[in-house]
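Engineer: Have a look at this prediction, sequence included:
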Amino acid sequence: MIIKPIKTRILKPPQNNLLEVIEKSIKKLPEKSILVITSKVVSIWQGRCVPMSSNLKKDDLVIKEADFYLPRSFVPGAWCMHTLKDNLFVPSAGTGLQNILELMFSGADSGKIQGTRK
């Protein structure tokens with residue numbers, strides 16, 4: 001297996017065109033190749049970014065995003081909330097702080113991604 005990183009321009013929230021970036025960065029993808037993209041990049045592409053503000057509390061966002069959750073009081077050290085999101089065990093429903101934006105987990109909905117193949 002050969003792993004080859006591909007340098008692209010920076011994708012910026014709240015939404016950016018991932019397919020355009022891929023087309024400009026990869027001229028030809030050899031047969032049987034696998035293209036791996038981080039969930040945070042997919043979240044930006046899907047517009048799943050929320051500006052952090054004094055009115056928004058991370059736990060409220062986690063509860064909104066999770067299918068099921070355990071409150072912090074059930075977690076040793078209370079450092080995150082255990083959650084189920086799209087049938088996956090994901091800490092804090094996959095939300096993650098990125099500078100001044102909260103990026104949300106892109107989920108297991110691969111149909112959106114698979115539908116982009118040419």
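Structural biologist: Yep, it's here.
Engineer: give me every residue that touches Arg9.
Structural biologist: Shown in contact with Arg9 (C-beta atoms under 8 Å, 6 or more residues apart in numbering): Val21, Lys24. For glycine as for every other residue, the C-beta is placed from the backbone atoms N, C-alpha and C.
Engineer: So it belongs to a strand, correct?
Structural biologist: No. Using DSSP: H, G, I helix; E, B strand; the rest coil, the assignment for Arg9 is coil, not a strand.
Engineer: Which phi and psi values does it adopt?
Structural biologist: phi -70, psi 170 (degrees, to the nearest 10).
Engineer: so where do the helices sit in this structure?
Structural biologist: 18-25, 39-45, 58-65, 111-114 (DSSP state H).
Engineer: Which one of those helices lies nearest to Lys4?
Structural biologist: helix 18-25 (11.7 Å; C-beta to C-beta).
Engineer: from the chain's centre, how far out does the closest one sit?
Structural biologist: 18 Å (C-alpha atoms, centre = their mean, to the nearest Å).
Engineer: Report the buried residues of that helix.
Structural biologist: Leu18, Val21, Ile22 (16 or more other C-beta atoms under 10 Å).
Engineer: how much space between the last one and Met52?
Structural biologist: By that I understand Ile22. Here the criterion is C-beta to C-beta, to the nearest Å. By it, Ile22 lies 28 Å from Met52.
Engineer: Likewise for the first one?
Structural biologist: Using C-beta to C-beta, one gets 23 Å for the distance from Leu18 to Met52.
Engineer: can you map out the strands along the chain?
Structural biologist: Secondary structure of the chain (DSSP state E): strands at 49-51, 68-70, 82-85, 88-91, 96-98, 101-103.
Engineer: Show me which residues of the second one are buried.
Structural biologist: This means strand 68-70. Tyr69.
Engineer: Return the residue of the chain that is most distant from the centre.
Structural biologist: Farthest-out residue of the chain from its mean C-alpha position, per C-alpha atoms, centre = their mean: Glu31, at 26.8 Å.
Engineer: burial measure for Trp45, as a count.
Structural biologist: 23 (other C-beta atoms under 10 Å).
Engineer: give me the low-pLDDT residue ranges for this structure?
Structural biologist: 54-55, 97-118 (pLDDT under 70).
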